[in-house]
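Chemist: I'll drop the sequence and a predicted model, then ask my questions.
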Amino acid sequence: MLATKVLVGVLAGILALASGGYASYRVWRHVQGSQPRPAPSAAVVLGAPTAQPTAALARTPLPPSVFVRVPYTPQSPFNQWGAGNPHEEYCEAAALLMVGDYFKGDGRSLIPPAEADAAMAQIVAVERQSYPAVLDLPLTDIGAVGTRLYGLQPAVTPVDLDQVEHSLAAGRPVIIPVMTHGVGGQKISPYYGAANVYHVIVLTGYDNAKGVLYANDAGFVQGQNYAYTWATLSAAIDAQAQRYPQGRVMLVFHS
């Protein structure tokens, strides 16, 4: 009888997760904890700029690997998730906070949770005031909020790997829009669940020998210095372009 009750309980739990849909997926993908990923080694490592990022590094040929030290926060620093929780829609604010703090000269690896949570709430308040009822902000709107809050000048341009690498080599993090699943339905990271949602990711480096780009992905707690292949990201950008009119673009800020 006890074994039967346990089995019934397990099945009930599975059914509850399945019926929870989007909310259950969100909770699952964010609460899987881990230690922050160490910074990758790179031929060129760029710290927080004290002035305009140097354009000399954006040369051709590019360095074989570059890493830009952008401080990290997940979009929910205290793992607060679920239906109706505002952190479900904080990815744009998290990206802006990380990049904005970088241009302010923040050399920390991690933004403390309480500080990050308060700062993102302020950013979201500006987003909602500027773009009422719009939860999935296009890069042009994210750029405008970045100008308002940080005094940065945004540039939204077509995205390709060469332009991403040139921007990173110049010390400029790159924000890209993706769906959490690629065109073929493949999850871009195992930390994402069944629902396919709009998301933005901050790219912080590349390594040509390893064939990867490094990202501060605020969508899950393991997202600091997370390695993606360009094929994975490009497919996710394509999937986003099929749903949103902004197309295949990237956002880079200039101080």
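Modeler: Structure received.

Chemist: CA only for contacts and neighbour counts going forward, please
Modeler: Noted.

Chemist: all helices of this structure, in order?
Modeler: Under the criterion DSSP state H, the chain carries helices at the ranges 2-30, 91-103, 113-130, 139-150, 161-169, 230-243.

Chemist: on contacts alone, who are the packing partners of the last one?
Modeler: Secondary structure elements in contact with helix 230-243, counted by 3 or more C-alpha pairs under 8 Å, 6 or more residues apart in numbering; DSSP states H and E, are strand 174-179.

Chemist: who touches the strand it packs on?
Modeler: Contact with strand 174-179 is made by 95, 138-139, 164, 167-168, 196-204, 233, 236-240, 249-252, as judged by C-alpha atoms under 8 Å, 6 or more residues apart in numbering.

Chemist: Among those, name the buried ones.
Modeler: For the contacts of strand 174-179, a neighbour count by 16 or more other C-alpha atoms under 10 Å gives the buried set as 95, 138-139, 164, 167-168, 196, 198-204, 233, 236-240, 249-252.

Chemist: Show the contacting residues for residue 93.
Modeler: Contacts of residue 93 (C-alpha under 8 Å, 6+ apart): 75, 120, 121, 123, 124.

Chemist: how about a cut-off of 6 Å?
Modeler: Taking C-alpha atoms under 6 Å, 6 or more residues apart in numbering, we find residue 93 in contact with 120, 123.

Chemist: And the pLDDT at it?
Modeler: Residue 93 carries a pLDDT value of 98.

Chemist: What of the one 5 residues further on?
Modeler: With respect to pLDDT, residue 98 scores 98.

Chemist: go on, residue 53?
Modeler: For residue 53, the model assigns a pLDDT of 51.

Chemist: With residue 9 instead?
Modeler: Residue 9 carries a pLDDT score of 46 in this model.

Chemist: pull the helix or strand with minimum mean pLDDT from the chain.
Modeler: helix 2-30 (a mean of 40; mean pLDDT, DSSP states H and E).

Chemist: What is the neighbour count of residue 65?
Modeler: Under the neighbour criterion other C-alpha atoms under 10 Å, residue 65 is assigned a count of 23.

Chemist: wait, isn't it in contact with residue 42?
Modeler: Yes: at 5.0 Å, residue 65 counts as touching residue 42 under the criterion of C-alpha atoms under 6 Å.

Chemist: okay, and for the protein, where does confidence drop off?
Modeler: 1-36, 50-59 (pLDDT under 70).

Chemist: Closest to the centroid, which residue in it?
Modeler: residue 201 (2.6 Å; C-alpha atoms, centre = their mean).

Chemist: isn't it right next to residue 217, touching?
Modeler: Yes: Residue 201 is in contact with residue 217 according to C-alpha under 6 Å; the separation is 5.2 Å.

Chemist: Give me the helices and strands touching the strand of greatest length in the chain, please.
Modeler: Counting residues, the longest strand found in the chain (DSSP state E) is strand 198-207. Helices and strands touching strand 198-207, by 3 or more C-alpha pairs under 6 Å, 6 or more residues apart in numbering; DSSP states H and E, are strand 65-68, strand 174-179, strand 212-216.

Chemist: and those strands as a markdown table, adding distance to residue 37?
Modeler: Formatted as a markdown table, the helices and strands packed on strand 198-207 follow (distance: least, C-alpha to C-alpha, whole Å):
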| stretch | distance to residue 37 |
| --- | --- |
| strand 65-68 | 14 |
| strand 174-179 | 19 |
| strand 212-216 | 10 |
